[in-house]
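Asks: Sharing a sequence plus its predicted fold:
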Amino acid sequence: MTETADPTLLSEVRKYGVFNANGCFNCGSCTITCDLAKGSTPFPRRTMQSVVLGLRDSVRGSLDPWLCHDCGDCADACPREANPRESMKSLRLFLTTQYDWTGLSRRICRSKAWAIGALSVAALLVLALIVSYHLYKNVGIDTLTSTNNGGFEHMFNRITYFTWAVFLIPAFFLVSHAVRMYWFAMRRGPHVAVPLRCYLAELKTMLEQMVTQRQILQCPATIQRRRWLMHWLLAFGCTLMFAIKFFFLRWFQTDNLYPFYHPQRWLGYLAFACIAVGSVDILIAKVRKLEPVYKKFAFNDLVLPVLLLLTALSGIGVHVLRYTGMAMSAHYCYAAHLMIAVPMLLVEVPFGKSSHMIYRPLALYFAAVKERALNSQIAKEEQLV
């Protein structure tokens with residue numbers, strides 16, 4: 001199947017980050033050095049050459065950028081200092097925009113103004129909903145301080161449905177983007193026919209990677225173990241908070257003041273600690289490695305950990321203010337918490353760089369499925385010989 005070259009592809013990819021194709025002379029040092037690259041997935045070399053040649057369909061169907069865990073060994077081995085590590089990072093952001101059918105990812109990932117604007121609009125809409133609710137319910141300062149002792153029970157019924165909507169809306173977009181990823185990677189172009197049993201047999205790969213992220217540990221750099229631990233803590237904290245808010249919100253969100261040893265409090269503290277420690281460590285690591293040439297693309301790397309940290313801090317702030325009897329301050333802090341968390345979930349998670357949380361496990365899954373199907377086909381052909 002012949003693929004038509006698109007000469008604009010290279011310049012388009014460069015809008016999402018550094019892509020030093022001119023420095024690369026295709027020696028293959030990056031691929032040889034990478035412990036994650038295999039015969040069927042010779043990254044970063046293959047996808048980088050596809051970009052240079054303008055093979056847009058091949059790039060969109062490539063899983064290689066997601067198999068890279070950004071350890072930097074390829075950049076250290078490159079004799080031309082082309083920094084394939086940054087090229088793979090740029091490709092991941094480019095692929096994120098290709099999976100999105102709305103076009104929002106393309107604007108948000110390429111423009112800091114668009115990203116800040118989208119987050120700000122979502123925050124203002126949340127503020128408008130909060131003000132409208134209080135006006136409609138006639139819940140003013142007197143009501144909060146005297147009628148119900150400053151509690152939140154007046155909003156619990158509505159906030160439950162609101163929380164479900166805030167989680168389900170980005171979930172819808174992420175699933176639809178995952179379908180497009182599947183189509184590009186598994187259905188378009190000359191691919192090996194994949195029987196259903198291969199998909200079923202490798203489901204464990206996707207689940208395992210989602211839970212453990214253990215592929216990071218295959219990178220030889222010693223720093224990767226610390227990086228794996230911090231990413232795992234962050235993922236665990238976010239997953240725990242999602243489970244609490246989506247399935248057990250009525251138990252977790254209450255005006256009851258529990259003793260310090262109560263499990264409701266400790267689950268919240270555990271989620272806060274994991275998110276706070278993980279996000280701070282990631283922020284420090286990203287800021288430390290920023291070089292002048294990469295600073296213009298740093299915003300996409302920093303926005304999610306910043307939003308996660310602010311969400312965690314504002315959430316624990318509401319808790320502390322409630323337990324110290326500062327009712328009005330708790331309500332204002334809760335409004336700020338929603339104005340941070342909701343835009344993060346509605347804008348950054350489905351349309352920003354952080355959507356890689358679903359693309360990487362899916363890529364590992366699809367790559368494992370392809371590998372199994374290819375090995376099965378080779379075994380059949382050997383039997384026929």
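Replies: Cool, got the structure.

Asks: Now for this structure, the helix or strand with the poorest mean pLDDT.
Replies: Using mean pLDDT, DSSP states H and E, the weakest-scoring helix or strand in the chain turns out to be helix 141-142, at a mean of 50.

Asks: after that helix, next one along is what?
Replies: Where DSSP states H and E defines the elements, the next helix or strand beyond helix 141-142 is helix 156-182.

Asks: Now that following helix: buried residues?
Replies: Ile159, Thr163, Val166, Pro170, Phe173, Leu174, His177, Ala178, Met181 (16 or more other Cβ atoms under 10 Å). (C-beta placed from N, C-alpha, C; glycine too.)

Asks: In contact with the last one, which residues?
Replies: Okay, so that is Met181. Residues near Met181 by Cβ atoms under 8 Å, 6 or more residues apart in numbering: Leu95, Tyr99, Tyr359, Leu362, Ala363, Phe366.

Asks: Give me the subset of these that lies in helices.
Replies: Among these, DSSP state H puts Leu95, Tyr99, Tyr359, Leu362, Ala363, Phe366 in helices.

Asks: got these as CSV, with neighbour count columns?
Replies: Putting these into CSV (neighbours: other Cβ atoms under 10 Å) gives the following:
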residue, neighbour count
Leu95, 28
Tyr99, 24
Tyr359, 20
Leu362, 21
Ala363, 25
Phe366, 22
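
Asks: quick check, nearest of those to Met206?
Replies: Nearest to Met206 out of these is Leu362 (Cβ to Cβ; 6.6 Å).

Asks: Share the number of residues neighbouring Val13, please.
Replies: By other Cβ atoms under 10 Å, 23 other residues sit near Val13.

Asks: and the gap between it and Ala185?
Replies: Per Cβ to Cβ, to the nearest Å, Val13 is found 18 Å from Ala185.

Asks: host element of Trp266?
Replies: Going by DSSP H and E, Trp266 is in helix 263-288.

Asks: So which elements touch that helix?
Replies: helix 223-247, helix 249-252, helix 299-323 (3 or more Cβ pairs under 8 Å, 6 or more residues apart in numbering; DSSP states H and E).

Asks: make it 7 Å
Replies: Where contact means 3 or more Cβ pairs under 7 Å, 6 or more residues apart in numbering; DSSP states H and E, helix 263-288 is packed against helix 223-247, helix 299-323.

Asks: Pick the most deeply packed of those.
Replies: Counting by mean count of other Cβ atoms under 10 Å, helix 299-323 has the highest mean neighbour count of the helices and strands packed on helix 263-288, with a mean of 19.

Asks: rewinding a little: can you point out the buried residues in the helix holding Trp266?
Replies: Applying a neighbour-count criterion of 16+ other Cβ under 10 Å, one finds 265, 267-268, 271-272, 274-283 buried in helix 263-288.

Asks: The residue nearest to Tyr323 when sequence neighbours are not counted - how many residues pack around it?
Replies: Among residues not flanking Tyr323 along the chain, Leu257 sits closest, at 6.2 Å (Cβ to Cβ, 6 or more residues apart in numbering). Neighbourhood size, Leu257 [other Cβ under 10 Å]: 11.

Asks: wait, Leu257 sits on Gly325?
Replies: No: counting by Cβ atoms under 7 Å, Leu257 does not reach Gly325; the two are 9.4 Å apart.

Asks: what do those two both touch?
Replies: Shared contacts of Leu257 and Gly325, defined by Cβ atoms under 7 Å, 6 or more residues apart in numbering, are absent.

Asks: tell me the secondary structure for the residue nearest to Arg265 when sequence neighbours are not counted?
Replies: In this structure, Arg265 finds its nearest non-sequential neighbour in Tyr258, 5.6 Å apart by Cβ to Cβ, 6+ apart. Three-state assignment for Tyr258 (DSSP: H, G, I helix; E, B strand; the rest coil): coil.

Asks: ok, now which ones touch Asp24?
Replies: Heads up, residue 24 is Cys, not Asp. Met48, Arg80, Ala82.

Asks: which one of the residues you listed has the most neighbours?
Replies: Of all the contacts of Cys24, Met48 has the most neighbours under the rule other Cβ under 10 Å, reaching 26 neighbours.

Asks: show me what contacts Ala368?
Replies: Ala368 sits in contact with Glu202, Thr205, where contact means Cβ under 7 Å, 6+ apart.

Asks: Ser40: neighbour count?
Replies: Around Ser40 there are 11 residues (other Cβ under 10 Å).

Asks: doesn't Val369 make contact with it?
Replies: No: if you go by Cβ under 7 Å, Ser40 and Val369 don't touch, sitting 11.8 Å apart.

Asks: Which neighbours do these two have in common?
Replies: In contact with both Ser40 and Val369: no residue, using Cβ under 7 Å, 6+ apart.

Asks: per-domain residue ranges of this structure.
Replies: 9-99, 111-371 (automatic domain parsing).

Asks: Dump the contacts of Cys24 into JSON lines; add distance to Arg288, secondary structure and pLDDT as well.
Replies: Shown next, in JSON lines, are these (distance: Cβ to Cβ, whole Å; DSSP: H, G, I helix; E, B strand; the rest coil; pLDDT from 0 to 100):
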{"residue": "Met48", "distance to Arg288": "26", "secondary structure": "helix", "pLDDT": "88"}
{"residue": "Arg80", "distance to Arg288": "25", "secondary structure": "coil", "pLDDT": "82"}
{"residue": "Ala82", "distance to Arg288": "22", "secondary structure": "coil", "pLDDT": "82"}
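
Asks: Show me which positions of the helix or strand encompassing Glu381 end up buried.
Replies: Per DSSP H and E: Glu381 is located in helix 356-384. Of all the residues in helix 356-384, those buried under the rule 16+ other Cβ under 10 Å are 356-373, 376.
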